[in-house]
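> Whatever this is, show me its structure:
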Amino acid sequence: MTDSVDAVTRGLDAGFIARHAELAQGYGGGGDPDDPALVQAMQMVLHVPKVDPPERSALLAAAATAVVRLCLDPRVGPDGEWADRYLTWKRSRIRKVARRARGAQWLAAGEVDGVTVEIGGAQARALVPGPVGDIDPRIRKLQIGGTDLEPDEPGPPDPELPVLWVNSDLGMTVGKAAAQVGHASMLLAGELPVEWAYAWSLRGFRCSVRDAGPRQWSALCDEVRRGSATAVRDAGFTEVAPGSTTVIAVPPGTAPAA
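As a prediction, the model looks like this:
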C-alpha cells in the first residue's frame, strides 16, 4: 500500500477527490419516507451455484469490494449517470439487501446497472441503489434467504490489504454478513485519507474478510476505541439485536493476535 500511496501524486484526480469527499461525509441523516415503497436500498447479488459453491470468506470479500467500488465509481460522481440514484440512497436511511443467484439468474443480474467483482473464484455484484418499490424484476425474484455457506479457513490475511473482521459470535447468515461487510468497506474508505483511499483503488479495492473469535474480537474493539479501526453497528432490522457490532474494519498492517 505504501508504494501505491507514492503513486498518488501522479494519478489522483479531482473526480476521485469529489467522490471520496461525498463518501467521507458519512451516510444517513434522513429518516424513512412516509411511503414504504420509497425506502432506499442497495441490492447485492451473490453468485452461489449449486455445484462448487464459493468459499464464504471469498464471497464476502467480493461483496465488500463490489460495494466500495460502486461508491467510488466515476458514474456516481458529479454529473455521473448514477449520481442521482446513488445520492438519494446514501443521504437517506440506507439499507443493503443481499440476494443469491445461479445460472441464468446470475447472467440476468449482470444486465442491471452495477459493479461485479470476482475474488478467489467467488463473484458478487453491487447494484445501483433505488427504492424498494421499484426493483428490477430480474432482481426482485431472486431469493433473499435460505442459502448459506459453511465457514472456511482461508489462512492469514494479506498484510497489504484492509481486513474486515466479522463477529463470529453473532452467527450471521452469508446474506446478512455480506450486507455488513459492504457497510464496513464503504465506511473504511470514507474514513481513510483520500490519498490512502486512492492507493486502495489502485488495488481494485480488494480486501480480506475473516471471522474473529472472542479474544480477537476483544482486541479489535480496543482498536476501535483507540480510533484505529472502524466498527459497523447494525440497526437491528434482521437477525441481530439493534446496536450489535457486526464487523470491524482495519487498514493494512493491523491484525490483532488470535
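
> List of residues touching stretch 77-88?
For stretch 77-88, contacts defined as C-beta atoms under 8 Å, 6 or more residues apart in numbering pick out 15, 18-19, 22, 40, 70-71, 73-76, 113, 128-130. For glycine as for every other residue, the C-beta is placed from the backbone atoms N, C-alpha and C.

> Sitting in strands, which of the residues you listed do you find?
40, 130 (DSSP state E).

> Identify, from the contacts of stretch 77-88, the entry nearest to residue 150.
Checking those against residue 150 by C-beta to C-beta gives residue 70 as the nearest, at 28.0 Å.

> I figured the closest one hits residue 114, correct?
Yes - using C-beta atoms under 8 Å, residue 70 makes contact with residue 114 at a distance of 6.6 Å.

> Of these two, give the one with the bigger neighbour count.
residue 70 (27 against 23; other C-beta atoms under 10 Å).

> which residues sit in contact with the more buried one?
By C-beta under 8 Å, 6+ apart, the neighbours of residue 70 are 42, 76, 86, 114-115, 126, 128.

> Give me the ChimeraX select line for the contacts of stretch 77-88, limited to the buried ones.
To isolate the buried subset of the contacts of stretch 77-88 in ChimeraX, counting by 16 or more other C-beta atoms under 10 Å, use the following:
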select :19,22,40,70,71,73,74,75,76,128,129,130
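
> Let me know the closest of the contacts of stretch 77-88 to residue 222.
Relative to residue 222, the closest of the contacts of stretch 77-88 is residue 71; by C-beta to C-beta it sits at 27.9 Å.

> list the contacts for the closest residue in space to that closest one that isn't next to it in sequence?
Of all residues not flanking residue 71 in the chain, residue 186 sits nearest, at 4.9 Å (C-beta to C-beta, 6 or more residues apart in numbering). Contacts for residue 186 were tallied using C-beta under 8 Å, 6+ apart; they are 23, 27, 67-68, 71.

> re the thing from before, out of the contacts of stretch 77-88, list just those in helices.
15, 18-19, 22, 70-71 (DSSP state H).

> can I get these in JSON lines with pLDDT and distance to residue 95?
Formatted as JSON lines, these follow (pLDDT from 0 to 100; distance: C-beta to C-beta, whole Å):
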{"residue": "15", "pLDDT": "95", "distance to residue 95": "27"}
{"residue": "18", "pLDDT": "96", "distance to residue 95": "25"}
{"residue": "19", "pLDDT": "97", "distance to residue 95": "21"}
{"residue": "22", "pLDDT": "95", "distance to residue 95": "19"}
{"residue": "70", "pLDDT": "98", "distance to residue 95": "15"}
{"residue": "71", "pLDDT": "97", "distance to residue 95": "15"}
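
> Can you tell me which of those residues comes closest to residue 148?
Using C-beta to C-beta, those come closest to residue 148 at residue 70, 24.4 Å.

> which residues in the stretch 101-250 of the chain form strands?
Here the stretch 101-250 of the chain has its strands, by DSSP state E, counting those that start in this stretch, at 114-119, 122-127, 130-131, 163-167, 208-212, 230-233, 245-250.

> And the furthest pair within the contacts of stretch 77-88?
Using C-beta to C-beta, these reach their maximum pairwise distance at 15 and 40, which is 23.8 Å.

> how much space between residue 70 and residue 133?
Distance of residue 70 to residue 133, given as C-beta to C-beta, to the nearest Å: 21 Å.

> cool, residue 89 as well?
Remark: distance between residue 89 and residue 133 (C-beta to C-beta) = 14 Å.

> who has more neighbours, those two?
Using other C-beta under 10 Å, the more surrounded residue of residue 89 and residue 133 is residue 89, with 22 against 10.

> doesn't that one fall inside a helix?
Yes - looking at residue 89 with DSSP: H, G, I helix; E, B strand; the rest coil, it is inside a helix.
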